[in-house]
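Participant: structure for this input, please:
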Amino acid sequence: MNQSILRQTIRLAAQASFSRSGGPGGQNVNKVNTKVTLRLALRDLAGISEPELNRLRETLGSRISAGDGGEEIVIAASEERSQHTNLERAYARLEMLVTNGAQLPKRRRPTKPTRASREQRLQSKHLHGQKKQERQTPGME
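Facilitator: Below is the predicted model of the structure:
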């Protein structure tokens, strides 16, 4: 995954729309379109390989919707009173979502337990058995 190309692609390919934000804020809420909604079509992503794109589809299955341009991710930001700040937050959130969702899991390399760990396990089993042995009443052998 090429992070810089991915960042540029997100900035260029994402379509931003603005609307009035809800919640507290007085007249500012009623007058100014501060809420930002970003839409990013998955086919427009560059800097990401095909296996990473498939992984992104798996991990973000519930966040991906079918839009007019195919599959797309929709992000909304309305926390701040500034449109520009909300836009930057939405871009950052979208970038983080795509980056984290596309990461392929590391392959697990199977390992064998060490000799010391095997001996330690057997020793603890022996001690546990001794503890149970001592709980028995005499003559029960």
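Participant: CA atoms for contacts and neighbours, from now on please.
Facilitator: Will do.
Participant: ramachandran coordinates for the nearest residue to K31 once chain neighbours are set aside?
Facilitator: Closest residue to K31 apart from its sequence neighbours, by C-alpha to C-alpha, 6 or more residues apart in numbering: R20 at 7.5 Å. Main-chain torsions, R20, degrees, to the nearest 10: phi -80, psi 140.
Participant: can I assume R20 is in contact with N30?
Facilitator: Yes - using C-alpha atoms under 8 Å, R20 is in contact with N30, at 6.9 Å.
Participant: low-scoring stretches of this structure, by residue?
Facilitator: Along the chain, the parts satisfying pLDDT under 70 run over 23, 25, 67, 69, 140-141.
Participant: confirm N100 sits in a strand?
Facilitator: No - N100 is assigned helix when assessed by DSSP: H, G, I helix; E, B strand; the rest coil, not a strand.
Participant: from L56, how far out is it?
Facilitator: Between N100 and L56 the distance is 8 Å, computed by C-alpha to C-alpha, to the nearest Å.
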